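A.B. asks: Sequence first, then the predicted structure, then my questions.
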Amino acid sequence: MRHKFQTAIRLIYPSRCITCGDLVEGDFGLCGPCWGTTPFIGGLVCDSCGTPLPGMDDGLPSTCDDCLRTPRLWGQGRAALLYRDNARRIILGLKHADKQELARPAGQWMAQRAGSLLRPDMIVTPIPLHWSRFLFRRYNQAALLAREVARNLNLPFCPDLLERPKVRGHMDGLSQEARYSKMQDAIRPHPRQAPRMAGRPVLLIDDVMTSGATLDAATRACFDANASEVNILTLARVAKDA
């Protein structure tokens, strides 16, 4: 009976591509053309930020030029997509067009990339959003992604381990040095939730990594709360050749 009901629902509301709206076989999927323009990351990647690297994956850690120039506070990092083409459209839709449903497939893609980042007793948390931006947008896209990642990996999720006490403004067009300077002390442990991080590894979630300044500030905040280790996972990574 349930199967017949689901079939009837699909006849009335057929599954559609999450970006273009064309018919697809399953819910929250991509059609063939959109899949072809969605730059999933695979193969050899930087162990610190997840950006693709030339060469074959031999199982040994590799590091990109950006992470060699700017050593990361966190341990390992991965990203599911390169920030370009259909990935950019998905992220802008999630971030600015209220397409919160995109977090479900995006969180699944991220969870599939998380393997080497996982640790026993790890807790998942997003990059926080300042309360004023939260009121304007009504949701934190990083928290939506973190919730889906945690659900797919069966890990505990806490949306407010960290907080953002001040608005630092947009960082578009700023140099890497200026981004890091602007994010200095911009994120701190939430006073009531900070004890949950003590002695535990943390998986930090964000939608896009550009310079790494925001993730650096959040990592510092986690270590200020005595987290044992911090790894990062983002939906997309901005790469120079993207």
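C.D. replies: That came in fine, so what should we check first?

A.B. asks: rest of the way, CA atoms for contacts and neighbours
C.D. replies: Noted.

A.B. asks: what stretches of the protein score poorly on pLDDT?
C.D. replies: 1-13, 168-169, 241-242 (pLDDT under 70).

A.B. asks: Now do the helix or strand containing Leu215: distance to the chain's middle.
C.D. replies: Using DSSP states H and E, Leu215 maps to helix 213-224. Once both centres are worked out by CA atoms, centre = their mean, to the nearest Å, helix 213-224 turns out to sit 15 Å from its chain's centre.

A.B. asks: then the helix or strand just after that helix to PDB, C-alphas only?
C.D. replies: Using DSSP H and E, the helix or strand that follows helix 213-224 in sequence is strand 229-237. Taking C-alpha atoms only, strand 229-237 is exported to PDB below (Å, rounded to 0.1, in the frame of the first residue of the first chain):
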ATOM      1  CA  GLU A 229      41.900  18.100  17.100                       C
ATOM      2  CA  VAL A 230      40.200  20.100  14.300                       C
ATOM      3  CA  ASN A 231      39.500  19.000  10.800                       C
ATOM      4  CA  ILE A 232      37.600  20.900   8.100                       C
ATOM      5  CA  LEU A 233      35.100  19.900   5.500                       C
ATOM      6  CA  THR A 234      33.600  22.400   2.900                       C
ATOM      7  CA  LEU A 235      31.200  22.000   0.100                       C
ATOM      8  CA  ALA A 236      33.500  23.800  -2.300                       C
ATOM      9  CA  ARG A 237      37.100  25.000  -2.600                       C
END
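
A.B. asks: and the angle from strand 229-237 to helix 213-224?
C.D. replies: With axes from the mean of the first three to the mean of the last three CA atoms, to 10 degrees defining the directions, strand 229-237 sits at 160 degrees from helix 213-224.
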